[in-house]
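Visitor: model the following, please.
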Amino acid sequence: MTLTTTAIRLAPRLHEDRLDAMAVWFERQLRSPCQPMPPQDARRVPQMRRLVAARLRLCGLPELVEPMELLTSELVTNALEHGDGPVSLLLSCSRETVRLTVDDGSRERPRLRAPELDAESGRGLWIVESIASEYGGSWGVSPDYTKTWCSLTVPAAKEPAV
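Guide: Now for the predicted structure:
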């Protein structure tokens, strides 16, 4: 089990037009498509949520922690369930937007599905679309389908109470 973390820190808080970014890369366990996700892969999801939450707090964006944790869960889970090869996560923060990109190596186009009401899966991208829309953002896939991304708009700074 390999976890490689590379962090590029340009600013502890977002000042001017600087960008703060964090990248994480890890191998997935080999399995056939009909096998359940191995426990060591399943543990990656909460690990990635914690890393994203910590980075957002470092950037002074605590109001985006909850939605980005959920987005991280959905995109990393999809990468582990449907991807090929290693998984990488890139979180980039600017004064205007926060963007999460997950690369799973799969060349199969991610798609919104219409699951049955009692289905146990199939709602991940609906959740991503809903949260991104609620926070003035968007989501999409790279032209080669290997990356799925979402972005949220950073809320305007609140004026201090007088």
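Visitor: center of this protein - which residue?
Guide: By CA atoms, centre = their mean, the chain has its centre lying nearest to residue 72, at 3.4 Å.
Visitor: give me the pLDDT value at it.
Guide: For residue 72, the pLDDT comes out at 97.
Visitor: again with residue 54
Guide: Per-residue confidence (pLDDT) for residue 54: 96.
Visitor: count the neighbours of it for me.
Guide: Burial of residue 54 is recorded as 12 neighbouring residues (other CB atoms under 10 Å). Placement of C-beta: from N, CA and C, glycine included.
Visitor: just checking, what packs against the host helix or strand of it?
Guide: Per DSSP states H and E, residue 54 falls inside helix 44-58. Using 3 or more CB pairs under 8 Å, 6 or more residues apart in numbering; DSSP states H and E, the elements in contact with helix 44-58 are strand 3-8, strand 20-26, helix 65-82, strand 87-93.
Visitor: wait, which of these is closest to residue 106?
Guide: Smallest distance to residue 106 across those (CB to CB): 5.7 Å, for helix 65-82.
Visitor: may I see the buried residues of that closest one?
Guide: 65, 67-69, 71-81 (16 or more other CB atoms under 10 Å).
Visitor: repeat that for stretch 126-137.
Guide: Going by 16+ other CB under 10 Å, stretch 126-137 has these buried residues: 128, 131-132, 135, 137.
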